[in-house]
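> Can you look at this prediction? I've put the sequence above it.
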Amino acid sequence: PFDKVLGGGEGFAGGDDDLHALRQRRFERLFRALGHLMVGIEECTIEVDGDDRELRRDGVSWTVDTLEELRREYPRAALVLLMGAGCDRAPGDAAVPQPSADAPAPGVISLTAEESSRIGLVTQPVARSDFRTHREFPAIVQPNERAMADITTPYDNLEKRHGVKVVRDSVTRIDAEKKVVMLAGGGTLAYDRLIVSPGIDLMSDTLPGMSKPGAADKILHAWKAGPQTVALRKQLESMPDGGVYALTIPLAPYRCPPGPYERACQVAHYFSKVKPKSKVLILDENDDVTSKGPLFKKAWADRYKGIVEYRPKHKVVDVDAATNTLKFEFNDDLKADVLNVLPMMRAGTIAVQTGLATANQRWCEVDFLTFESKAAKNIHVLGDAIQVAPLMPKSGHMANQHGKTCAAAVVALLTGQEVNPMPIYNNTCYSFVSDREVVHVASVHRYDAEKKTMLTVAGSGGVSSAASELEGHYAMAWARNIWADTLA
């Protein structure tokens, strides 16, 4: 299936012997990681080589730089990036499993129904619907050409491929003492360990005007991908050319730090093509842009000059849906044709009701080795609902890392094994600044045993040097892969 395999990256120290060892080690690990794709590889003539360019570069070295170089070197080739091949066990390690057609990607915790039964573990996920609408890229749906179907994945594969029975219901109450979950349909589920991913709820009650009849249908947040995403798109399409779209941003922390600024870019792009006299007004409670600030500001200044206006230190305290008016703590009232108000956020209602939200009654404090709640034993909390560690974003990629760390820890706890004492998470977040150009931010986080929290690894991560269409391709590939990884 491949003409050439290049292995390179971490751990290469230079020298012919090291390069030869790197070639052999990478080839053996790639063989296992690719699994069924490389069946019959012994009979194939594939060039395998080591590549140390990332370690020869001065300063910080990025994979994106390597990919750009390889694209120039192989302009007509189909390039495939395999990440995580080095995470496999080394040759000679005991009990190295051979991959099958249904094997998960390296690093993924996946237990089939048969495997779970063999170790005495029964998993019982509960979901409200038959599909998941991804929140990673809702901004690209409005107001451009992509549809909700482009960011929606069914739960089918969990059942078809892994034998996991998904209960279509919602949780109404958790009895942490009796270790029982009550469902809206009247049923109950007993548990030994419970993993909850309650997401976030919008604190619209902090804005009195939102409680008035019809206000919630007119002034949208669209911060949970679904019907409001489509409704906001329709409002923007109906707005006259020359109108004003006002987006308010709450004080951090909130779900997806760069998300509001990405949304502003998407609306501005739409206006630049269809409604060039219209304006995007960003009213931010924070002192400055909370993520990728220079990159977003450059896009607003260069690409959307005269369309986007950014105003920091604007705290919304109320709204008037009848007159489309925003009221601020210190600034003058403001009217707009379309109001997109993001209220303060907190952990989902079920977490608050269960007493898991112990940080300012908003976020759930957890043990980062296991994600077990600090308020209730045997309950583990994932995703945006947690009180994050320093510089840890509330992002889709990070929630994926939470899930893997927690799954491994729960299996260890239930089977008498040691929990990993030094988890490492990574995070990548892409933002569209136009319909095709994208910027990213990346970070690596490692557990600090002394401080008992996750800290960023010195020298890791960073942001794009500039927006590019190439990163747009990476962004969509990342999205497809993480969606498949989550619901494969």
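Received it, and whenever you're ready, just let me know what you need.
> quick one: low-confidence parts of the protein?
1-2, 5, 7-52, 54-64, 80-125, 127-151, 488 (pLDDT under 70).
> Helices along that one, start to end?
16-34, 53-56, 63-73, 113-118, 156-162, 215-218, 227-238, 259-274, 293-302, 349-353, 396-414, 469-487 (DSSP state H).
> what's the angle from the last one to helix 63-73?
For helix 469-487 against helix 63-73, the angle by axes from the mean of the first three to the mean of the last three Cα atoms, to 10 degrees is 120 degrees.
> List the buried residues of helix 469-487.
By 16 or more other Cβ atoms under 10 Å, the buried positions in helix 469-487 come out as E471, G472, Y474, A475, M476, W478, A479, I482, W483, D485, T486, L487. For the C-beta atoms, the positions are set from N, CA and C on the backbone; glycine is no exception.
> related to what we said a few turns ago, kindly state which of the helices of the chain is positioned closest to G186.
helix 349-353 (16.8 Å; Cβ to Cβ).
> How about residues contacting that closest one?
Contacts of helix 349-353 from elsewhere in the structure, counted by Cβ atoms under 8 Å, 6 or more residues apart in numbering, are 171-174, 196, 198, 201, 346, 357, 361, 364, 381, 385.
> before we move on, what about stretch 301-313?
Contacts of stretch 301-313 (Cβ under 8 Å, 6+ apart): 264-265, 268-269, 271-272, 276, 278-289, 297, 300, 330-331, 433-434.
> Just the buried ones among those, please.
Counted by 16+ other Cβ under 10 Å, these give 264-265, 268-269, 271-272, 278-286, 289, 300, 433-434 as buried.
> ok, the closest residue to S395 other than its chain neighbours - contacts?
Nearest residue to S395, sequence neighbours excluded (Cβ to Cβ, 6 or more residues apart in numbering): C429, at 5.2 Å. Residues near C429 by Cβ under 8 Å, 6+ apart: C256, P257, P258, S291, P393, S395, H397, H440, V441, A442.
> mind listing which of those are in strands?
Counting by DSSP state E, those place H440, V441, A442 in strands.
> T188: neighbour count?
Neighbour count of T188, defined by other Cβ atoms under 10 Å: 11.
> Verify the stated contact: it with I174.
No: contact status for T188 versus I174: not in contact, 10.6 Å apart, counting by Cβ atoms under 8 Å.
> Touching both of these two, which residues are there?
Joint contacts of T188 and I174 (Cβ under 8 Å, 6+ apart) are V180, V181, M182.
> distance of the nearest residue to the last one once chain neighbours are set aside from G355?
Nearest residue to M182, sequence neighbours excluded (Cβ to Cβ, 6+ apart): R173, at 4.3 Å. Computed with Cβ to Cβ, to the nearest Å, the distance linking R173 and G355 is 12 Å.
> Over to L67?
As judged by Cβ to Cβ, L67 and G355 stand 47 Å apart.
> A231 too?
For A231, the distance to G355 - Cβ to Cβ - is 34 Å.
> again, but for K327
K327 is 33 Å from G355, by Cβ to Cβ.
> Then A409?
According to Cβ to Cβ, A409 and G355 sit 22 Å apart.
> okay, those two: which has more neighbours?
A count of neighbours by other Cβ under 10 Å puts A409 above the other of A409 and G355, at 23 against 15.
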